[in-house]
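Participant: quick one, structure for this:
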Amino acid sequence: MQAIKGVKSTTKITLIYLVLGILWIVISDHLLYYFFKDSELYEQSLFQLLKGIFYVSITAVLLFFLVRNYQKKLEDKIEKLESLNAKLRKEQGRLTDTNMELKHFADSVSHDLKSPLRTISTLIQRYNERFSEDMSPDQKEYISIIRESSENLYEKIEDTLFYAKLSSAENNLEKVDIGKIVDSVVKNLSAQIEEKKGQVDIKRLPRIVSNKSLLYQIFLNLIDNAVKFTSKDSPPHIEIGYIRREDEFHEFYVSDNGPGFPENEYAQAFERYYRGTNSLNSEGSGIGLATVKQILQKLNGKIWIETGVKEGTIIRFILPKV
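Facilitator: Predicted coordinates for the structure are as follows:
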């Protein structure tokens, strides 16, 4: 069907060229004879007319084959593209099905792992409430270690599940007040901040168009890390701010006075389950910065650790202006 259409269109182009060419030759020769009424000139113009018609006819045939050849190549390319698009749609369907299966699998595994952990935590709490007065200091320490380990493992499962679901998460854009998001994160972490006698300094933050829930996760992970990984010498001091740029990006930063990262570990810091050599405790799931990096990739942003900082850490990230 497509080949027949191609022949018809090529024939139409050729006929238009042939008719216009012959009309031009005939009209021009008649005009020449009208202005110069000479029998000898008329005979010459008649001969030239026949030559012109023959020339136009030959070139019309050549034009037909040239255009048809070009159209055939174009049709072959279109056919290949349509075939590739069909394969792509098929693979996209398979990928969607695979992602759904992985999501269901992750949910199932998460439930199977978290359920016994909740049981362990509940039993440890009840045991501690019932027998705490009869326990020795060592026994109390062991119970505390078990409880903290189960809570830490529960957090790792939650963070890993969120990380696994990021690739299939919808990127819904809306007008977002970054200041309100950061305030909400700080309130959510207020118990941990107060426990460590920390201070959070929130600078003036803008409203931007982005994904609200993913932005919340970015600031939650960054501020949570800053609270957890603190220096023994002083309580945490965290600053969240915004840098106005003239290009097409928004720039934010989260700084703290913690132990920081050695410069040779800056790239590794965003890998899953990586813990820096300066980590002073075993808090956290080890996946926070990796999650932030993946979120920013999804939002077409970028994150990095500022170099040349002697004390603490300054983490900067950019998001496209929409």
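Participant: where do the helices sit along this protein?
Facilitator: 2-35, 39-131, 137-165, 178-188, 190-195, 212-228, 288-298 (DSSP state H).
Participant: show me which residues of the fourth one are buried.
Facilitator: Neighbour counts over helix 178-188 (16 or more other CB atoms under 10 Å) mark 178-179, 181-182, 185-186 as buried. Just so you know, the C-beta spots here come from the backbone N, C-alpha and C atoms, and that holds for glycine as well.
Participant: quick one: stretch 233-242 to chain centroid distance?
Facilitator: 30 Å (CA atoms, centre = their mean, to the nearest Å).
Participant: in it, what counts as buried?
Facilitator: So, applying 16+ other CB under 10 Å, buried residues of stretch 233-242: 236-242.
Participant: how far does stretch 217-225 sit from its chain's centre?
Facilitator: Distance, centroid of stretch 217-225 to centroid of chain: 19 Å (CA atoms, centre = their mean).
Participant: and it, what's its mean pLDDT?
Facilitator: The average of the pLDDT scores along stretch 217-225 is 91.
Participant: check stretch 270-285 too.
Facilitator: 58.
Participant: re the thing from before, now distance to Glu194 and pLDDT too, for the buried residues of stretch 233-242, in JSON lines please.
Facilitator: Listed next are the buried residues of stretch 233-242 as JSON lines, based on distance: CB to CB, whole Å; pLDDT from 0 to 100:
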{"residue": "Pro236", "distance to Glu194": "11", "pLDDT": "88"}
{"residue": "His237", "distance to Glu194": "14", "pLDDT": "92"}
{"residue": "Ile238", "distance to Glu194": "13", "pLDDT": "93"}
{"residue": "Glu239", "distance to Glu194": "18", "pLDDT": "95"}
{"residue": "Ile240", "distance to Glu194": "18", "pLDDT": "96"}
{"residue": "Gly241", "distance to Glu194": "22", "pLDDT": "95"}
{"residue": "Tyr242", "distance to Glu194": "26", "pLDDT": "95"}
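Participant: just the closest of those to Phe162, please.
Facilitator: Distance to Phe162, by CB to CB, is smallest for Ile240 among the buried residues of stretch 233-242, at 21.3 Å.
Participant: you'd agree that closest one is up against Arg204?
Facilitator: No: Ile240 lies out of contact with Arg204 (CB atoms under 8 Å); the separation is 10.4 Å.
Participant: Phe249 is nearest to which of the helices of the chain?
Facilitator: Where the helices of the chain are weighed against each other on CB to CB, the nearest is helix 288-298, at 11.2 Å.
Participant: next, the buried residues of that closest one.
Facilitator: 288-296.
Participant: and for stretch 239-257?
Facilitator: Neighbour count says stretch 239-257 has 239-242, 250-257 buried, by 16+ other CB under 10 Å.
Participant: farthest-apart pair in these, please.
Facilitator: The widest separation within the buried residues of stretch 239-257 (CB to CB) is 24.9 Å, between His250 and Asn257.
Participant: quick one: Phe162 and Asp112, what's the gap?
Facilitator: Going from Phe162 to Asp112 by CB to CB, to the nearest Å gives 17 Å.
Participant: the more surrounded of the two?
Facilitator: Neighbour tally, Phe162 and Asp112, criterion other CB atoms under 10 Å: the higher count belongs to Phe162, 19 against 10.
Participant: just give the closest residue to the more buried one, not the sequence neighbours.
Facilitator: The shortest distance from Phe162 to any non-neighbouring residue, by CB to CB, 6 or more residues apart in numbering, is to Thr291 (6.6 Å).
Participant: again, but for Gly179
Facilitator: In space, Gly179 is closest to Leu205, 4.2 Å off (CB to CB, 6+ apart).
Participant: enumerate every residue touching Ile143.
Facilitator: 124, 127-128, 135 (CB atoms under 8 Å, 6 or more residues apart in numbering).
Participant: change it to 10 Å
Facilitator: Residues near Ile143 by CB atoms under 10 Å, 6 or more residues apart in numbering: 124-125, 127-128, 131-132, 135.
Participant: appreciated, that's everything.
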